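K.L.:
Just a sequence and a predicted model for now, questions to come.
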Amino acid sequence: MLKDFFIGLSQNQFLNNAAKKYGLKMGAQNVVAGTNIAETIESIKELNKHGISCTVDNLGEFVYEKEEAIAAKEQILAVIEAIHENGVDAHISLKPSQLGLDIDYDFCKENIEEIVAAAHKYDLFVNFDMEDHARLQPSFNLLDELSTKYDNIGTVIQAYFFRAEEDLHKHKDYRLRIVKGAYKEPAEYAYQDKQEIDKNYIKLIEWHLLNGKFTSIATHDHNVINHVKQFVKDNHIPNDKFEFQMLYGFRKDMQLELAKEGYNFCTYVPFGQDWYGYFMRRLAERPQNMNLVVKQVFTK
Ligand code: FAD
C-alpha cells in the first residue's frame, strides 16, 4: 500500500517539476550528493578516500522535449570532463529515458553514443540503467547496437522480471549490475512476491559470477551480501571479478566496512535538481527511509 503510494508520488509530473525549483528538500540531501557537478566531485573525492569508487547519475525523468534531453546530455558530458580533470575514481550511469528514449529511438541513440564516445576517450565505463518494462527492450537494443562500436558499456538486470534469466544469458559478456528491480511492474511481466524476487536475484548473481564478465551486486540486503561473500569463497571467484554497489547515503557503515574488508565497492552517486522521483522511489522501497525525512524536519 505504502509502496504504491510513494511510487504514485514518484510519477507525479507536477510535483516533479515543482521540486526542481526548490533545491534539495525533505531530507533528499541525505541521499543526493549535490545539485551541481562541483559539489558532486567533492562527494566522490570523500568516498574515494575510503577506497570506494563511484558511478555518477545525473538525475532526471519525464523528458519529452528534445531540448531537455540535449541539456541532460551536455550535463553528462560535463561530468565526464570533470571526472577526468579531477582524476577521481568514477564512471557514468545514465537513463535512456532522460536522453530521449520516449521521444525518438534514433535521437536517443545519437545522444547516448556521444556520451559513450566521450567516456571511451578517457577509458570510462558507462552503465545503461534499466527503467520500467516499457523501456526494457529498447534499452537492450541501444546497448547491443552501440556495443558493435564500443566496449565500455554495460547494463542492469532486474531480477523481478520473468525474462531476467534469458536476458542475463544473452548479455553475459557485458559488465552487468544485478538488482532486484525498483519500479512497480504488472503481474504479467514480473514476480510480485518478495521471496520469489529474492530467490531469482540470488540465482542470477550466482550464474553471472560463474559464467559472466564483471558482476556488480547492487543491494542493501545484508542477507544477499553475506550469501555472496560465502559463494565467492566456496567457488574461488577472485575479488576482481565482482563488486558490491549501494546507493549514496544508504547503510554508510556497511559501505565502509565492505571496502575495508577488501571487496571492490562502488557507490551510486545521484546528483542534480531533478531529485524528486528518485527520492520517492527510495521511500517506496523502504518506508523506514522516512526517517531520513523525519530527521531532517527535526534537525532544521
Ligand atoms: P530490499 O529488498 O529493499 O531490502 C532487503 C533487506 O535489506 C531489508 O528488509 C532490510 O533488512 C535491509 N535493508 C535494505 N535497505 C536498508 C537500509 N537502507 N538500511 C538498513 N537495512 C536495509 N533498480 C532498477 O530497477 N534499475 C536500476 O538501474 C537500478 N540501479 C540500482 C543501483 C544501485 C547501486 C542500487 C543499490 C540499486 C539499484 N536499483 C535499480 C534499485 C534496486 O532494484 C532495488 O529496488 C533496491 O536496491 C532495493 O532493494 P535491495 O536489494 O537494496 O533490498
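P.N.:
Here it is on my side, so go on. Residues are numbered from 1 along each chain as shown.
K.L.:
Starting from V179, give me the distance back to V224.
P.N.:
In this structure, V224 and V179 are 11 Å apart, going by CB to CB, to the nearest Å. Quick note: C-beta positions are derived from backbone N, CA and C, even for glycine.
K.L.:
Please identify every residue contacting each of the two.
P.N.:
Shared between the contact lists of V224 and V179 (criterion: CB atoms under 8 Å, 6 or more residues apart in numbering) are residues Y201.
K.L.:
Near the ligand, which residues of the stretch 151-300 of the chain are found?
P.N.:
Counting by CB under 6 Å from any ligand atom, the residues of the stretch 151-300 of the chain lying close to the ligand are 156, 158, 179-183, 218-221, 245-247, 250-251, 268, 285-286.
K.L.:
Now with 5 Å, please.
P.N.:
If contact is defined as CB under 5 Å from any ligand atom, the residues of the stretch 151-300 of the chain in contact with the ligand are 156, 158, 179-182, 218-221, 245-247, 250-251, 268, 285.
K.L.:
Would you list the buried entries among the residues you listed?
P.N.:
Neighbour counting with 16 or more other CB atoms under 10 Å marks 156, 158, 179-182, 218-220, 245-247, 250-251, 268, 285 as buried within these.
K.L.:
residue contacts, the residue nearest to the spatial centre of the chain?
P.N.:
The C-alpha lying nearest the average C-alpha coordinate of the chain belongs to D129 (CA atoms, centre = their mean; 5.5 Å). Contacts of D129 were listed using CB under 8 Å, 6+ apart, and they are 57, 93-96, 155-156.
K.L.:
so where's the stretch 201-300 of the chain uncertain?
P.N.:
Low-confidence segments of the stretch 201-300 of the chain, defined by pLDDT under 70, span residues 285-300.
K.L.:
Quick one: the strands in it, in order.
P.N.:
Across the stretch 201-300 of the chain, reading from the start of the chain, the strands by DSSP state E, counting those that start in this stretch fall at 215-218, 242-247, 265-271.
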